[in-house]
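**Student:** next come a sequence and a model predicted from it.
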Amino acid sequence: MAKIALLIGVSEYGAGLSGLPGTQADIRAMQRVLENPQIGGFDAVEVLSNPDRDQMERAIETLFMENRSSDDLILLYFSGHGFKDDDGTFYFTNCITEKDASGRRIRTSTAVSCRTLQGYMSHLKSKSKRQVLILDCCFSGAFADGMKGSGEETIDISTQLGSEGRAVLTSSTAMQESYEKEGGGIYTRYLVQGLETGAADRDEDGYISVDELHEYAKEKVQEASPRMKPEIYPVKEGYKILLARAPQGDPKLVYRKELDGRAKQKRGKLSRIDQQALEIRRQELELSPGDAAAIAQEVLQPYEVFWAKVDNFAAAVQEVSQVGAALSLEDIDDLQYFQRVLKLRDEDIAPVLETYQVNLTPSVQPVKIKPAPQPPAPQPAPPPKPPAPADTLSSEKNIDYTRLRDLLKAQKWQEADQETWVRMLQAVGRKDNDWIRAEELQNFPCQDLKTIDSLWVKHSNGHFGFSVQKQIWQECGSPTSSGKDWDRFCVKVGWKNKANTYVSYSDLKKDLSLSPTGELPLRWAAGGVGVGWVGVGGSVGLFSRIQTCEL
C-alpha cells in the first residue's frame, strides 16, 4: 500500500484572471503535513507550482494511472481559480488560462476540464479504490453559497467527480476575496491545522479520516464566515478513508480540544471564570504559558474574525441610521451588499439591527394623492438649542476612553462593561487577565473614576454608573460588612435574586429597559474568582473612593 499526493497551486494567470499569491503558501503547508511521517506519512508528494495546461494534465494522468494498486491512497489537491462554462462543465485553471474577449468566459482550450480528470480517475488502469480530491478554489470567482453563482445552476460535483471509494472536499467559496483578506485559502488553513495539531481526530482513535478532517475545517471556516459552506461528497466508503495519524494523550491536544469546546459554546467570548478554569487546566497538563497562549490564539482566531465583521457591520449601520427615521432604499441596498461581502447571515446581524432599531426590509406603501397643502402662517423661529456638552475623556493615567464612549453611545452595555473592566485594570497597572485588589480600588485615580462614571451616567440617562450604585448603597445603609443591608443592596441592583443568591453574569439583564437601576457597570467587582463577586470589601473600597473623589 502506498500513499501518493499531487498538490497543484496556481497563483499566476493570463488575461482577465487575477493572481492568487496565497496558493503557494497553501501547497507548501499541505506538503509539510502530508510528508511528515508522524502525521500524513505519504510516500510521495509532488508539488506543481503554476503549471501550464499540458503540465497539469500530464501530472494528473501520472498520479492516477501509473502502476497503482487497489490499496493505494491517491490524493489530489488544487488551489486556484475554478470556472464553470455554460453547459455546467467545471474547469481547473492554470497559468496560461485566460478569459475571452467578452470577459465572461474562459478559453476552455487553456484549462483542464472536470471530465478529463474524471476520465483518468475512472480509467481501468487506475485501480486505486481510495481517492481523495481537495478543491480549495473559486467558481468563476463568485461562488460563496452552496456552489452557486449569480443566476447560474449548481455545479454537480458529485456527478462529475463521483466514484467508488472516493471523497471530494470543496471549500465552496469565492477564493479571490479569501486570499486578499487571509493571505491564503481559509479552508486550507484549517485543513492543515486539523492535521498538524491532531484536533481533527474527533473520535480520538489516533487516526484522522476524511470526514473528520472536513468537519473540523468546515466548523472553523464557519466560525469566521458563517455563510461559507464547505462541502464533502463521499461515495460509498470514501468518507472513512484514513488520511493521517493523530497523537493520543498529548497535553497540547487535550488542552486545545477543551478550549475549543468551551469557545464553541461561548462563540469565542470566554468569561473570566472560563479563563481561570483553563489556567488551572494548563497547570494540570504542565503546559507552558507560551504554549497555552499560542493554542488560544489559534483556537480563538476565527471567532475574532467573525466579531470584527459584526463590528464593521454595526459601524456601517450606525453611520446611516438616525433615531426614529427609516433608512433610505439606497442605504438598505448598501447594507445588504455589505452583509454579503462580510459573509454574515441574517441571524448574525439581527442583534445589531435590533440595537439600532433598523429594518433592512423596505416597506412599500400605496401612494396616496393628497391635495396641495396651504402655506402655513409664518411663525417666529424658535431659539437655537444649545449644543450638547462633549464627553470628557480625561485621564490621570493617559488612558484612551474613546472605545468605551462609543460602546456606551451605541448602547452596547455588555461590551461597555467589559471595556470598563479593561480600562480599570490599565489604570491600576494590571493586565487584562488580572484582577483589581481592594486596596487598589481605595486609591483608584479620581479623574479616571469620574470619566468612566460620567460616560455611563450620560449615555444611560442616569440608569447606570458608579455614582448611581453609590447612591443606592447609601440608601441601603452604606453596609461595611456582609449582612441584610448588603443583601438588600445586591437585590436592588439585580446582583442577587429574591432568594438571596448571587445571579450569574450571563443571567443579568444588561438592557436599559429591563435592568434594575444600578445593575451596571459590574466587571469591576470581578475578583480572583473571575466574573463573580468580590463582596463587601471591594464594594466598600470603591464606594468609599467615589465619596472621596466627590462623584
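**Tutor:** Ah, there it is.
**Student:** low-confidence stretches in the stretch 251-400 of the chain?
**Tutor:** Residues of the stretch 251-400 of the chain that meet the criterion pLDDT under 70 lie in 323-325, 362-390.
**Student:** all helices of it, in order?
**Tutor:** Counting by DSSP state H, counting those that start in this stretch, the stretch 251-400 of the chain has these helices, from start to end: 251-266, 272-285, 289-320, 329-342, 346-355.
**Student:** the longest one - contacts with which helices or strands?
**Tutor:** What it means is helix 289-320. Contacts defined by 3 or more C-beta pairs under 8 Å, 6 or more residues apart in numbering; DSSP states H and E place helix 289-320 against helix 186-197, helix 210-224, helix 251-266, helix 272-285, helix 329-342, helix 346-355. Every residue, glycine included, has its C-beta placed from N, CA and C.
**Student:** what sits against the residue lying closest to Asp260 once chain neighbours are set aside?
**Tutor:** Spatial nearest neighbour of Asp260, chain neighbours left out: Val299 (5.2 Å); criterion: C-beta to C-beta, 6 or more residues apart in numbering. Neighbour list for Val299: Arg256, Leu259, Asp260, Ala263 [criterion: C-beta atoms under 8 Å, 6 or more residues apart in numbering].
**Student:** among these, pick out the one closest to Gln322, please.
**Tutor:** Of all those, Gln322 sits closest to Ala263, with 36.8 Å by C-beta to C-beta.
**Student:** and the closest one, how far from Gly483?
**Tutor:** 40 Å (C-beta to C-beta, to the nearest Å).
**Student:** residue contacts, Phe338?
**Tutor:** Here Phe338 is in contact with Asn312, Phe313, Ala316 (criterion: C-beta under 8 Å, 6+ apart).
**Student:** ditto for Leu253
**Tutor:** Per C-beta under 8 Å, 6+ apart, neighbours of Leu253: Thr197, Gly198, Ala199, Ala246, Pro247.
**Student:** related to what we said a few turns ago, want to throw the contacts of Phe338 into a markdown table with distance to Leu278?
**Tutor:** Output for the contacts of Phe338, formatted as a markdown table (distance: C-beta to C-beta, whole Å):
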| residue | distance to Leu278 |
| --- | --- |
| Asn312 | 29 |
| Phe313 | 30 |
| Ala316 | 34 |
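**Student:** which of these are buried? Put it as a PyMOL command.
**Tutor:** Buried members of the contacts of Phe338, defined by 16 or more other C-beta atoms under 10 Å, are picked up in PyMOL with:
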select buried, resi 313+316
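**Student:** what's around the closest residue to Ala200 other than its chain neighbours, how many residues?
**Tutor:** Nearest-residue entry for Ala200: Gly194, 3.1 Å, with adjacent residues in sequence omitted and distances by C-beta to C-beta, 6+ apart. By other C-beta atoms under 10 Å, the residues close to Gly194 number 26.
**Student:** same thing with Asn500?
**Tutor:** A count of nearby residues for Asn500, using other C-beta under 10 Å, gives 11.
**Student:** look up how far Gly477 lies from it.
**Tutor:** 16 Å.
**Student:** ditto for Met1
**Tutor:** For Met1, the distance to Gly477 (C-beta to C-beta) stands at 79 Å.
**Student:** centre-most residue in the protein?
**Tutor:** Phe306 (2.5 Å; C-alpha atoms, centre = their mean).
**Student:** what's near enough to touch that residue?
**Tutor:** Neighbours of Phe306 in contact, by C-beta under 8 Å, 6+ apart: Glu223, Ala224, Ser225, Pro226, Arg267, Gly268, Asp348.
**Student:** wait, doesn't the second one sit right on Tyr187?
**Tutor:** No - taking C-beta atoms under 8 Å as the contact criterion, Ala224 and Tyr187 are not neighbours in contact, 10.7 Å apart.
**Student:** of the two, who's got more company?
**Tutor:** Using other C-beta under 10 Å as the criterion, Ala224 and Tyr187 rank with Tyr187 on top: 29 against 24.
**Student:** grab the nearest non-local neighbour of the more buried one.
**Tutor:** Ser171 (3.6 Å).
**Student:** same check on Arg403?
**Tutor:** Of all residues not flanking Arg403 in the chain, Glu419 sits nearest, at 5.7 Å (C-beta to C-beta, 6+ apart).
**Student:** that neighbour: neighbouring residues, count only.
**Tutor:** Around Glu419 there are 21 residues (other C-beta under 10 Å).
**Student:** and Tyr120, by the same measure?
**Tutor:** Neighbours of Tyr120 (other C-beta under 10 Å): 18.
**Student:** circling back to that earlier point, closest one of the contacts of Phe338 to Gln442?
**Tutor:** Using C-beta to C-beta, Asn312 comes nearest to Gln442 of those, at 40.3 Å.
**Student:** quick revisit: ok, Met1 and Gly477, which is more surrounded?
**Tutor:** Between Met1 and Gly477, counting by other C-beta under 10 Å, Gly477 is the more crowded of the two (13 against 9).
**Student:** need the contact list for that one.
**Tutor:** Contacts of Gly477 by C-beta under 8 Å, 6+ apart are Asp485.
**Student:** how much space separates it from Phe466?
**Tutor:** Gly477 is 18 Å from Phe466, by C-beta to C-beta.
**Student:** got it, and Val168?
**Tutor:** Val168 is 59 Å from Phe466, by C-beta to C-beta.
**Student:** again with Glu219
**Tutor:** For Glu219, the distance to Phe466 - C-beta to C-beta - is 41 Å.
**Student:** quick one: which of the two has more around it?
**Tutor:** Phe466 (26 against 16).
**Student:** quick check, pLDDT for the more buried one.
**Tutor:** You'll see Phe466 listed with a pLDDT of 89.
**Student:** neighbours around Ala427, how many?
**Tutor:** Ala427: 22 neighbours (other C-beta under 10 Å).
**Student:** from now on call the first residue 351
**Tutor:** Sure thing, new numbering starts at 351, so read that last one as Ala777.
**Student:** correct me, but it touches Pro795?
**Tutor:** Yes - in this structure Ala777 lies within contact range of Pro795 using C-beta under 8 Å: 5.7 Å.
**Student:** pull up the overlap in contacts between the two.
**Tutor:** Shared contacts of Ala777 and Pro795, counting by C-beta under 8 Å, 6+ apart, come down to Ser745, Glu746, Lys747.
**Student:** could you export those residues as CSV, including neighbour count and distance to Met380?
**Tutor:** Formatted as CSV, the shared contacts of Ala777 and Pro795 follow (neighbours: other C-beta atoms under 10 Å; distance: C-beta to C-beta, whole Å):
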residue, neighbour count, distance to Met380
Ser745, 18, 49
Glu746, 14, 53
Lys747, 12, 48
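**Student:** nearest spatial neighbour of Leu384, skipping sequence neighbours?
**Tutor:** Gly390 (3.7 Å).
**Student:** using the three-state scheme, assign the closest residue to Leu563 other than its chain neighbours.
**Tutor:** Spatial nearest neighbour of Leu563, excluding adjacent residues (C-beta to C-beta, 6+ apart): Ala550 at 4.7 Å. Following DSSP: H, G, I helix; E, B strand; the rest coil, we place Ala550 in the coil state.
**Student:** compute the number of surrounding residues for Ala550.
**Tutor:** Residues near Ala550, counting by other C-beta under 10 Å, number 26.
**Student:** so what's it up against?
**Tutor:** Counting by C-beta under 8 Å, 6+ apart, Ala550 has contacts Gly544, Ile558, Glu562, Leu563, Glu565, Tyr566, Ala567, Ala596.
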